[in-house]
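Student: curious how this folds, go ahead:
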Amino acid sequence: MSADNARKWLIVASLTITGVQMIFLIAAPSFYFPLEYPKNFNILQIVSPVFFGYLGSATHFIFMKPSPKVAVYYPLLGLLVKGPTLIYVGAMLAAFASFGYSMRGP
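Tutor: This is a model prediction of the structure:
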């Protein structure tokens, strides 16, 4: 994976994860998910800054002084970039599913 592909993947993944989490946490009380207002917004305040930080870092790379274009391929970069993101997605899905299941009615 090249450095540019890694940056693009991080940007797209961060935007997607942030958007899905925002929509879910805002809409959760409407769909009878056992997460009440304002707790849904409190959780949103906890999980969003991480991905906005990634986007800020990506913006720095986009607008910094361009360096000479040298095509460099990093064989383990894909694993290093995608692995933590996929682990986070899996953990969040498990956390939301477990919370919803454990807080369901009798």
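
Student: how near is residue 10 to residue 75?
Tutor: 18 Å (CB to CB, to the nearest Å). For every residue, glycine as well, the C-beta is placed using N, CA and C.

Student: if you count surrounding residues, which of these two has more?
Tutor: The residue with more neighbours, out of residue 10 and residue 75 and counting by other CB atoms under 10 Å, is residue 10; that gives 20 against 7.

Student: what sits up against the host helix or strand of that one?
Tutor: Secondary structure from DSSP states H and E places residue 10 in helix 3-27. Residues external to helix 3-27 that are found in contact with it (CB atoms under 8 Å, 6 or more residues apart in numbering): 1, 35, 40-41, 43-44, 47-48, 51-52, 54-55, 58, 61, 72, 74, 77-78, 81-82, 85, 88-89, 92, 96.

Student: not counting sequence-adjacent ones, nearest residue to residue 104?
Tutor: Nearest-residue entry for residue 104: residue 34, 6.7 Å, with adjacent residues in sequence omitted and distances by CB to CB, 6 or more residues apart in numbering.

Student: verify the stated contact: the one you found with residue 100.
Tutor: Yes: Residue 34 is in contact with residue 100 according to CB atoms under 8 Å; the separation is 6.2 Å.

Student: who's in contact with the residue nearest to residue 78 when sequence neighbours are not counted?
Tutor: Nearest residue to residue 78, sequence neighbours excluded (CB to CB, 6+ apart): residue 1, at 3.8 Å. Going by CB under 8 Å, 6+ apart, residue 1 touches 9, 73-75, 77-78, 81.

Student: which of those residues are buried?
Tutor: 9, 77, 81 (16 or more other CB atoms under 10 Å).

Student: adding distance to residue 24, write those out as TSV.
Tutor: Output for the buried ones among the contacts of residue 1, formatted as TSV (distance: CB to CB, whole Å):
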residue	distance to residue 24
9	22
77	30
81	24
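
Student: save those as CSV, and put in pLDDT too.
Tutor: Compiled in CSV, the buried ones among the contacts of residue 1 are given as follows (pLDDT from 0 to 100):
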residue, pLDDT
9, 85
77, 80
81, 82
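
Student: quick one, helices of the protein?
Tutor: For the chain, the helices defined by DSSP state H cover 3-27, 39-63, 77-102.
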